[in-house]
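**Q** this is a predicted model, with the sequence first.
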Amino acid sequence: GLKRPYTGAWNKDAPHAFLSFTIVPFLAYMATWTGWFASANGYGRNWDQATSSGPLFFLFDSMRSWIHYQWQVFSFHNGLHDYHAYMSDPWTWPLLIRPVLFYNPSNLPPSSCGAGACSEAVLGVGTPALWYGGLFALLATVVLYARKRDWRAGAVLLAYGMGWLPWFYYALADDRTMYLFYMVPIVPFMVLAITLTAGLVLGPADAPPTRRAVGAAFVGAFAMIVLINFWWLQPVLSGETITQAQWWARMLMRSWVTAAPK
């Protein structure tokens, strides 16, 4: 209903959007590299000193080394097509079908766990109760935005989509090797979707006490299930030494592993 919506968006929204979605993320990202810049021992930290000339020679040597490092990362992953036992397609990520086994040492002595076969592995499976709860909450968020145009639901859906859907292109058009942990940046928005859905379950502040009590019971029960699920999987997430039987008891799907860890 505004007379000049595009002019207003350009003059008022665009500067704030540029600050929020460009400047602030860049500064936050650079802050994570503080240790790399402060040390001379980081990977590729002295690349500039090892090259006699090149583009952007006028920048500080550390910045040139950093730019080269970023390009190496982009080039490596953008051209990655090799098969990996724990690779997965992006449309399977919300279903938690194929997590990545990060750590699995061999030749563990049986005495380390008091059984004939032991396991000491790290499987990046997260907390399935929270993961699947986030999937159902995402569907509820879609309904919330479609029916009420709630901007909070729209913001969550936009962030979730921007972090997930672009990977479909690389899977379909580029046949790129990808993994479930690419979804990690989206987890906060999964939790926000759960938060919005929890608010719906709780009901409005002026709802009858019985309605609020029932809603609180459901939300509290879900939170308890998530905590118990995390506690149950904690040995798998942290690489604790457990028996093979205890390991397999924690495998929700056989697709989580290729074979019994040694």
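**A** Right, received. Where do you want to start? Only a predicted model underlies this, so the values are computations on that prediction, with no experimental measurement involved.

**Q** quick one: mean pLDDT over the longest helix along the chain.
**A** As assigned by DSSP state H, the longest helix anywhere in the chain is helix 209-238. Helix 209-238 carries an average pLDDT of 94.

**Q** ok, then the element right after that helix?
**A** strand 242-243 (DSSP states H and E).

**Q** got the contact list for that next one?
**A** Here strand 242-243 makes contact (Cβ atoms under 8 Å, 6 or more residues apart in numbering) with 113-115, 117-120, 235. Every C-beta, even on glycine, is put in place using the N, C-alpha and C of the backbone.

**Q** try it again at 10 Å.
**A** 110, 112-121, 235-236, 249-250 (Cβ atoms under 10 Å, 6 or more residues apart in numbering).

**Q** tell me who's in contact with the closest residue to residue 232 other than its chain neighbours.
**A** Excluding its sequence neighbours, the residue lying closest to residue 232 (Cβ to Cβ, 6 or more residues apart in numbering) is residue 250, at 6.5 Å. When contacts are counted by Cβ under 10 Å, 6+ apart, residue 250 touches 119, 123, 125, 232-237, 242, 256.

**Q** what about residue 250, distance to residue 235?
**A** Using Cβ to Cβ, to the nearest Å, one gets 7 Å for the distance from residue 250 to residue 235.

**Q** mind listing the shared neighbours of these two?
**A** 119, 242.

**Q** hang on, the earlier thing: show me what counts as buried in the longest helix of the chain.
**A** For helix 209-238, the buried set under the neighbour-count rule, 16 or more other Cβ atoms under 10 Å, comprises 215, 219, 222, 226, 229, 233, 235-237.

**Q** what about the helices in the stretch 51-200 of the chain?
**A** 61-78, 128-148, 151-164, 166-172, 187-202 (DSSP state H, counting those that start in this stretch).

**Q** any chance of these in a markdown table, with mean neighbour count, distance to residue 39 and mean pLDDT too?
**A** Below are the helices of the stretch 51-200 of the chain laid out as a markdown table (neighbours: other Cβ atoms under 10 Å; distance: least, Cβ to Cβ, whole Å; pLDDT from 0 to 100):
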| stretch | mean neighbour count | distance to residue 39 | mean pLDDT |
| --- | --- | --- | --- |
| helix 61-78 | 14 | 10 | 86 |
| helix 128-148 | 17 | 36 | 92 |
| helix 151-164 | 17 | 30 | 93 |
| helix 166-172 | 14 | 33 | 91 |
| helix 187-202 | 19 | 29 | 94 |
